[in-house]
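what follows is a predicted structure for the sequence shown.
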Amino acid sequence: MKVLVTGGGGFLGGAIVRLLIERGDEVCSFSRHDHPALTALGVQQFRGDLDDLKAVTGAAAGCKLVFHVAAKAGIWGSYHDFYQANVVGTENVVAACRSHHISKLVYTSSPSVVFDGSDVEGGNESIPYPASYEAHYPATKAVAERLVLAANSPELAVTALRPHLIWGPGDNHLVPRIIAKGRAGRLRRIGTRPNAVDTIYVDNAARAHLQAAERLSPGSIVAGKVYFISNNEPLPLWEMVNRILAAADIPPVTRSISPQLAYAAGCICEVLWRLLRLAGEPPMTRFVAHELASAHWFDISAARRDFSYHPEISIDEGLIHLRQWLQHPMG
């Protein structure tokens, strides 16, 4: 079938595109830029911003299935920018599906939409949205998740996946940040608790999207539902960080600061960055301080039950692939 992937040139979007190409689908990508790797795969590329309804609708023409992966991520920036990309952009994707009578939409959400700063250990999809958020990304993703699930209907079947901390070869966000700060000696453990977290290897996350799409149709068991997906191998956060650093031959993080000090530093940094209009991201925020000091791992039994999801690549195997990629990034 003809499939549209928003953000097809990105990390997760690119992995989804490759799986679709492997199974013989005709794939289109909607991104802000052209991507030579997609051109080499024969992917038809559409350029534009998510908040441009005409551009999004044009990209969806003739498609039978949409994977809405693109989003504005990050811990800092203006609320307007996050809202336009994550909320208005999602509204436009839904409108494009309706305009072209597309019957299946798989939306990439985030576990951060239910994060309230406290520990989550084995949480499932019944966790409620918190009353407030400490960052614009989870706040706008929560609005988008709710509106996309509300769009589920007899004409348009929608499901949402919440992959947790995606990593692997080709990562342009999580792994590079860890490595850059590790090399600069700027990483500090937040507290000393062995707070366990989930992560997910990128190929497992991509495969989960295709598996959910295969089960998705109006009135199906996955329609209108949201699912946590992970590698189902929760590890102490700083153990996972150190294993990523080891893949890049960087010494482990051993120094630590208290959660209270990290949170206070986040408050101060946020005030300074706003008042002085400083460029770039603050070195610490309240959201990051809480994330790094808390446990957050999730029950994936619903995804296993409803669309047979299971992680095929373990963390150990994934780290081998990551190390090979870091040594030969163009290989």
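Right, received. Where do you want to start? What you are looking at is a predicted structure, and each value in this text was computed from that prediction instead of being measured.

can you count the residues close to the residue nearest to residue 1 when sequence neighbours are not counted?
Of all residues not flanking residue 1 in the chain, residue 64 sits nearest, at 4.3 Å (C-beta to C-beta, 6 or more residues apart in numbering). Where you see a C-beta, it was placed from the backbone N, CA and C, and this is true even at glycine. Number of residues near residue 64 (other C-beta atoms under 10 Å) recorded here: 15.

for residue 64, give me the pLDDT.
Residue 64 carries a pLDDT score of 97 in this model.

isn't it up against residue 4?
No. Using C-beta atoms under 8 Å, residue 64 is not in contact with residue 4, being 9.2 Å away.

now do the helices in the stretch 1-150 of the chain.
11-22, 36-40, 53-60, 79-83, 89-99, 136-150 (DSSP state H, counting those that start in this stretch).

what bits of this protein have low per-residue confidence?
Within the chain, the segments meeting pLDDT under 70 span 330-331.

helices or strands next to the helix ranked longest in the chain in the packing?
Across the chain, the longest stretch assigned as helix under DSSP state H is helix 259-276. Judged by 3 or more C-beta pairs under 8 Å, 6 or more residues apart in numbering; DSSP states H and E, the packing partners of helix 259-276 are helix 286-293.

residues making contact with the helix it packs on?
Helix 286-293 is contacted by residues 75, 115, 117, 133-135, 138, 190-191, 193, 195, 237, 259, 262-263, 265-267, 270 when judged by C-beta atoms under 8 Å, 6 or more residues apart in numbering.

that helix to helix 259-276, inter-axis angle?
160 degrees (axes from the mean of the first three to the mean of the last three C-alpha atoms, to 10 degrees).

what comes up buried for the very next helix or strand once past helix 286-293?
On the C-terminal side of helix 286-293, the nearest following helix or strand under DSSP states H and E is strand 296-298. For strand 296-298, a neighbour-count test (16 or more other C-beta atoms under 10 Å) marks 296, 297, 298 as buried.

now do stretch 75-83
Buried-residue list, stretch 75-83, by 16+ other C-beta under 10 Å: 75, 76, 82, 83.

what's the closest non-adjacent residue to the last one?
So the one you mean is residue 83. residue 140 (5.3 Å).

who's in contact with that neighbour?
Counted by C-beta under 8 Å, 6+ apart, residue 140 has contacts 72, 79, 82, 83, 85, 86, 87.

so which of those residues is the closest to residue 213?
residue 86 (21.1 Å; C-beta to C-beta).

does that closest one really touch residue 144, like I thought?
Yes. Using C-beta under 8 Å, residue 86 is in contact with residue 144, at 5.0 Å.

which neighbours do these two have in common?
Common neighbours of residue 86 and residue 144 (C-beta under 8 Å, 6+ apart) are residue 71.

need the residues that contact stretch 176-187.
So stretch 176-187 is contacted by 241, 244, 245, 248, 250, 251, 253, 283, 326 (C-beta under 8 Å, 6+ apart).

what do you get for stretch 305-324?
Counting by C-beta under 8 Å, 6+ apart, 167-169, 171, 175, 199-201, 203-204, 207-208, 211-212, 214-215, 221-222, 225, 227, 229-233, 235, 240, 243-244, 247-248, 300, 303-304, 331 sit against stretch 305-324.

only the buried residues of that stretch, if you could.
306, 307, 309, 311, 313, 315, 318, 319, 321, 322, 323.

give the closest residue to residue 98 in space, chain neighbours not counted.
residue 156 is the one closest to residue 98 (C-beta to C-beta, 6+ apart), at 6.3 Å.

before we move on, what about residue 142?
In space, residue 142 is closest to residue 113, 4.0 Å off (C-beta to C-beta, 6+ apart).

is it true that the one you found touches residue 148?
No. Residue 113 is not in contact with residue 148 according to C-beta under 8 Å; the separation is 11.5 Å.

before we move on, back to that, so of the contacts of stretch 305-324, which ones are in strands?
167, 200, 201, 227, 229, 235 (DSSP state E).

residue contacts, the nearest residue to the last one once chain neighbours are set aside?
Looking back up the chat, that one is residue 235. In this structure, residue 235 finds its nearest non-sequential neighbour in residue 196, 6.2 Å apart by C-beta to C-beta, 6+ apart. Residue 196 sits next to 121, 234, 235, 236, 237, 295, 297 when contact means C-beta under 8 Å, 6+ apart.

quick one: buried ones out of the residues you listed?
234, 235, 237, 295, 297.

the residue lying closest to residue 108 once chain neighbours are set aside - how many residues pack around it?
Counting by C-beta to C-beta, 6+ apart, residue 108 lies nearest to residue 69, which is 4.6 Å off, once chain neighbours are set aside. When neighbours are counted by other C-beta under 10 Å, residue 69 registers 27.
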